[in-house]
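[1] Test case, fold it:
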Amino acid sequence: MAARVSSTASADGDAQKNVVHIAILVVTAVRDVVQSAVKQVQVAVFTVLFGFVLGALGALFWRRLSVSKETNRKLRQKQHDATIKAKSWLEEAQKTKLTPVKAPVDGVTFTKEFKALFNAHAPIWTCDPSYSRAHWLNRVIDAAWPFIDTGVSKTVKESVEPILRDSLPSFVKWVGFEKFTLGPRAPTLSGIRTHKSHLENVILDIELTWGSDPDIIVTLYMFGIRFPVKLANLQLKMVLQVTFDPLVDILPCIGALEVCLTDMPEILDFGLFIPPKIDLMSIPGVHGMVRNIVQQSLAPLMLYPYKLHMPIMPNSGIQASSTGMLRVKFISGTGFFKRRNYSKLSRKAGKASGRMTRLLKSDTYFIKFWTRDARQLQTPPRNGDVPNWDGTPDSFVLCDRETTLFMRLVKTGAERVSNYGECQITCGEIADREGPVTLELPFIEPSYYKEECPLEYLIAADGYTYDEIMQRYADIEAWNEKAEQDAVQQRTKYFYRASTAKRSNSKVALPKTINHPTIKVELEYIDTGTPDDVDEEYEQGLITVELVEARNILRVAGNPPNPKVTVRCAKQYFDSTRKIRTSHPKWDNERFVFYNVLADLDTIRIEVTGLNDVKLGYCEIDAKLVRSNVMIRDIFPLQGVDKGAVLLVLTYAPMASKQVLTRQAS
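    Residues are numbered from 1 along each chain as shown. Model (predicted):
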């Protein structure tokens, strides 16, 4: 019994465990089902939302694309309708020949008379593309016009009044400007054009249109009576040529202006009034007569080639005209190893080069020479302590008898810190001797020459008295005299030696040793006189021939030639450098200067030769042609051969002559 009861109890316990296990399994299955259902619901919801958003974006893009197409279609249709409307209006206007023609856009009416007037007086930039507008410059002129009026009025009075007084008839005692103002309205620059020039200047063509009411009163005194004439109601249209010449390297960099008319003014009208307000131009015949008188007066003053010169800087920014020139020919140098550097910028100023430096190193030198600081020339560089410049073309520098020729020895590559001595000589010392003079000049310390006086002359305009001015004058004279004496004493043992043929038997004691580098140079003074001394009946000239290049020179024995050019004129000749194995030689800085040229007699002969003096052609140029054109740059064909030409630049300058030359043609 007891065993039955225990078995029954164990069976009940197993049944309970099974029930619990089944319950756990059911709960687990239900949980899995629920989780799977939730995931499916989430996926479905996300898919629906994503599809909705994507569909909304697609619908929005399609709508915008449709609207854009519709807008473009409407715009094209509108433009098409406008084009058809404009064509129909133009065809209708042409059919009906409307005058005046009325534009439908802005309502502006243009008559045929207005069109003709506009075409006749339109700004030049509208019909000539080489001209540019100057709107900004017109604004500047408008702002500065009150000051321009004052400056121009003063300049015109100072330049025109002397001309008017020189051309007065005998019964007119005086003429001048009683009042001169250009009026409140500034001229208008209708167009500006620039010109290319081979010279150092700037050329402008300016179309000027001006309508103003100036107040200009010209007064004449005849027979003791005053006759004032007033100019008013000015209308003017013309083309001015303005030349900025010369251009200099000192501010304001423009030395002077040259103004001229390229042609007579296209429009020139004005009123002339005499008291009491009588208009002379309204009298029959007076208008045309006055107009002709004005044009005849303008022609010799401003009509090209005559120009009105207006200086901006003193002496137009250039030095005064010289009365002579100096021909300089460098021959050779000696003792350059004895050099001493006198440059203040050098670290070894005043010290000679060491012996080892001289033995191991051969320097390259050149010589700077000048008579005017703004025009410094230099020789070609040469190597060694005994350089040779024989064969170098002659150089010409402008000078007066009181001018000093300066020469300075400089080393190539160290121009700024090298000054191995200077030599100076007054051109008057050369002018006192006839013909060329050969000198040996030492390069010595610059302080051995006369120093400039630091004192300045006094003038009464600055408030100085007569006694103070004369005392300063005496002080300057005393300074110059003492400076000259000191300079002579310092350079006594280094003074230059003359070795011309006339002095071959000279008894002048020469130093046995020279402790400085020396240069052997040939100098000749040429008296050109002042420009006013030129007489065209027997004028002598100075012709410069610049050799640029040659073309198509004949081959010699089937090989390229070795051409050399010889230039002859006025009993003088120069040889160019020889170019090796080329039929198209080019020369750099090959200039030859011929002086005492008689243009009516002399010709310029160009000869081209090869090795062994093989003739490769020649050409002859009339010197009168160069004189009449002042400057010629042209290609001259060679004669005596089948082909070949030379490119030359020829310039002419007059020289004053004190006596007629009787020599025959060269």
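
[2] Reduced to three states, what does the closest residue to Phe574 other than its chain neighbours come out as?
    Leaving aside its sequence neighbours, Phe574 sits nearest to Phe592 (Cβ to Cβ, 6 or more residues apart in numbering; 4.0 Å). Just so you know, the C-beta spots here come from the backbone N, C-alpha and C atoms, and that holds for glycine as well. Put simply, Phe592 is strand when judged by DSSP: H, G, I helix; E, B strand; the rest coil.

[3] Around Phe592, how many other residues sit close by?
    22 (other Cβ atoms under 10 Å).

[4] Next up, the contacts around the nearest residue in space to Pro246 that is not next to it in sequence.
    In space, and not counting its chain neighbours, Pro246 is closest to Gly255: 4.5 Å by Cβ to Cβ, 6+ apart. Contact analysis of Gly255 by Cβ atoms under 8 Å, 6 or more residues apart in numbering lists 245-248, 311-313, 316-318.

[5] could the residues you listed be laid out in CSV, adding pLDDT, neighbour count and distance to Leu303?
    Shown next, in CSV, are these (pLDDT from 0 to 100; neighbours: other Cβ atoms under 10 Å; distance: Cβ to Cβ, whole Å):
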residue, pLDDT, neighbour count, distance to Leu303
Asp245, 81, 21, 18
Pro246, 80, 17, 23
Leu247, 82, 13, 25
Val248, 79, 17, 28
Pro311, 82, 14, 21
Ile312, 82, 14, 23
Met313, 80, 16, 26
Ser316, 70, 18, 22
Gly317, 69, 20, 26
Ile318, 68, 16, 25
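
[6] which of the residues you listed lies closest to Ile192?
    Asp245 (17.3 Å; Cβ to Cβ).

[7] Would you list the phi and psi of that closest one?
    Backbone geometry at Asp245, expressed as degrees, to the nearest 10, gives phi -150, psi 130.

[8] Surely it is in contact with Cys260?
    No: applying Cβ atoms under 8 Å, one finds Asp245 not in contact with Cys260, separated by 11.7 Å.

[9] Show me how far stretch 418-433 is from its chain's centre.
    The chain centre lies 33 Å from the centre of stretch 418-433; the measure is Cα atoms, centre = their mean, to the nearest Å.

[10] Next, the buried residues of that stretch.
    Residues of stretch 418-433 classed as buried by neighbour count (16 or more other Cβ atoms under 10 Å): 418-425, 427, 429-431.

[11] with those in mind, which one is nearest to Pro563?
    Pro563 has its nearest neighbour among those in Ile430, at 36.3 Å by Cβ to Cβ.

[12] Touching, the closest one and Glu522? I think so.
    No: with contact defined as Cβ under 8 Å, Ile430 does not count as touching Glu522 (10.2 Å).

[13] which residues are in contact with both of the two?
    Joint contacts of Ile430 and Glu522 (Cβ under 8 Å, 6+ apart) are Val437.

[14] Tell me who's in contact with the residue nearest to Phe574.
    For Phe592, the contacting residues are 393, 544-547, 567, 574, by Cβ under 8 Å, 6+ apart.

[15] How about Glu522?
    Neighbours of Glu522 in contact, by Cβ under 8 Å, 6+ apart: 327-329, 331, 436-439.

[16] Quickly note the distance from it to Tyr595.
    Using Cβ to Cβ, to the nearest Å, we find Glu522 at a distance of 15 Å from Tyr595.

[17] same check, this time on Ala29
    Distance, Ala29 to Tyr595, using Cβ to Cβ: 131 Å.

[18] average pLDDT across stretch 573-584?
    Stretch 573-584 comes out with an average pLDDT of 89.

[19] All further residue positions should be reported with the first residue as 6.
    New numbering, starting at 6: the last item is stretch 578-589.

[20] How about it, which residues are buried there?
    Going by 16+ other Cβ under 10 Å, stretch 578-589 has these buried residues: 579, 581, 584, 588.

[21] how about those in CSV, adding distance to Met243 and secondary structure?
    Converted to CSV, the buried residues of stretch 578-589 look like this (distance: Cβ to Cβ, whole Å; DSSP: H, G, I helix; E, B strand; the rest coil):
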residue, distance to Met243, secondary structure
Phe579, 47, strand
Ser581, 48, coil
Lys584, 51, coil
Ser588, 52, coil
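
[22] Out of those, which comes closest to Gln84?
    Within the buried residues of stretch 578-589, proximity to Gln84 (Cβ to Cβ) peaks at Ser588, which comes in at 65.6 Å.

[23] what sits against that closest one?
    Contacts for Ser588 (Cβ under 8 Å, 6+ apart) come out as 556-560, 565-566.

[24] and if we set it to 6 Å?
    With contacts defined as Cβ atoms under 6 Å, 6 or more residues apart in numbering, Ser588 is in contact with 558, 565.

[25] Who is Ile430 paired with across the strands?
    Ile430 has these beta-bridge partners by DSSP bridges: Leu410.

[26] cool, Ile548 as well?
    Beta-bridge partners, per DSSP bridges, of Ile548: Phe599, Tyr657.

[27] mind listing what's buried in stretch 588-600?
    Buried residues in stretch 588-600, counting neighbours by 16+ other Cβ under 10 Å, are found at 588, 590, 592, 595-600.

[28] Throw those into TSV and include distance to Val234, thanks.
    Shown next, in TSV, are those (distance: Cβ to Cβ, whole Å):
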residue	distance to Val234
Ser588	71
Pro590	67
Trp592	62
Glu595	60
Arg596	55
Phe597	58
Val598	54
Phe599	54
Tyr600	52
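
[29] quick check: mean pLDDT across stretch 164-174?
    Throughout stretch 164-174, pLDDT has a mean value of 77.

[30] And stretch 529-539, by the same measure?
    Across stretch 529-539, pLDDT averages out at 65.
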